[in-house]
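1. I'll drop the sequence and a predicted model, then ask my questions.
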Amino acid sequence: MTKFKLESADTILMVIDVQDKLMAAMKDKERVYANINLLLETAKQLDIPVIVTEQYPQGLGPTVDVVAQHLPPHQYMDKTTFTACTDGLWDILRQWERKTILVTGSETHICVFQTTRDLQEAGYQVHLIKDAVCSRFDENYENGLQLMKETGAVITTAETAVFDLLKRSGTPEFKAISALVK
């Protein structure tokens, strides 16, 4: 399998810290929600496992409703570290023999970056979905993207990832998902 090719049987979707109090400060949140929801529908259609993290949910609140209502059955973990790569995540990842992780969430330059860096160091291939991550300030967003690219992560978009996973038109999965991108 090449670095740039996505296969649904080898992929996991990760949604990092898309929580009420964090997202309230994000200017691109509606775009991020739409793209995460597109990826969640793709995960449902293609049986891709989903992991959702929440940073200190007692203080920052739960995953925003506009995303939570689209979640398929998923693995959940709360955390207080900025990286999601703790013993809890490694335990979850060992359940599946998959090595590619689509990463979404907030903030690009903090939790998303540290998680991507640590996943890459552990031998996973991250596809960072740049239109499904956000930071409060543009320079932090751009810095996070650059750092993740330097770790070896593939920087891509939701539609690029979705259609790479779908592979072809004419399938029931394609019909269900393509209706969301019109």
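-> In hand now; what should we look at?
2. Direction included, what does the strand with the most length in the chain pair up with?
-> The strand of greatest length in the chain, counted in residues with DSSP state E as the criterion, is given as strand 125-134. Its sheet considered, strand 125-134 pairs with strand 100-106 (parallel), strand 154-156 (parallel) by DSSP bridges.
3. Go through these and name the closest to Val18.
-> The closest approach between Val18 and any of these, judged by CB to CB, belongs to strand 100-106 at 5.4 Å. (Glycine included, C-beta is placed from N, CA and C.)
4. Need phi/psi at Arg117.
-> Summarising the backbone geometry of Arg117 under the convention degrees, to the nearest 10, its torsions are phi -60, psi -50.
5. Neighbours of it, how many?
-> Other residues near Arg117 number 19, with proximity taken as other CB atoms under 10 Å.
6. OK, contacts around it?
-> With contact taken as CB atoms under 8 Å, 6 or more residues apart in numbering, Arg117 is in contact with 83, 147-148, 151.
7. Flag the shaky bits of this structure, pLDDT-wise.
-> 1 (pLDDT under 70).
8. Longest helix in this protein, by number of residues?
-> Selection of the longest helix in the chain by residue count, based on DSSP state H, yields helix 29-46.
9. coming back round to it: can you add mean neighbour count and distance to Arg94 and give the strands paired with strand 125-134 back as TSV?
-> Formatted as TSV, the entries for these read as follows, by neighbours: other CB atoms under 10 Å; distance: least, CB to CB, whole Å:
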stretch	mean neighbour count	distance to Arg94
strand 100-106	26	13
strand 154-156	17	23
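10. ok, which stretches of the protein are strands?
-> Per DSSP E, the chain carries strands over the ranges 11-16, 50-55, 75-79, 100-106, 125-134, 154-156.
11. Sheet partners, orientation included, of the second one?
-> So that's strand 50-55. By DSSP bridges, strand 50-55 pairs with strand 11-16 (parallel), strand 75-79 (parallel).
12. contacting residues around the nearest residue to Lys44 once chain neighbours are set aside?
-> Ranked by CB to CB, 6 or more residues apart in numbering and with sequence neighbours excluded, the top spatial neighbour of Lys44 is Pro72, at 4.5 Å. For Pro72, the contacting residues are 40, 43-44, 50, taking CB under 8 Å, 6+ apart as the criterion.
13. Great, nothing more from me.
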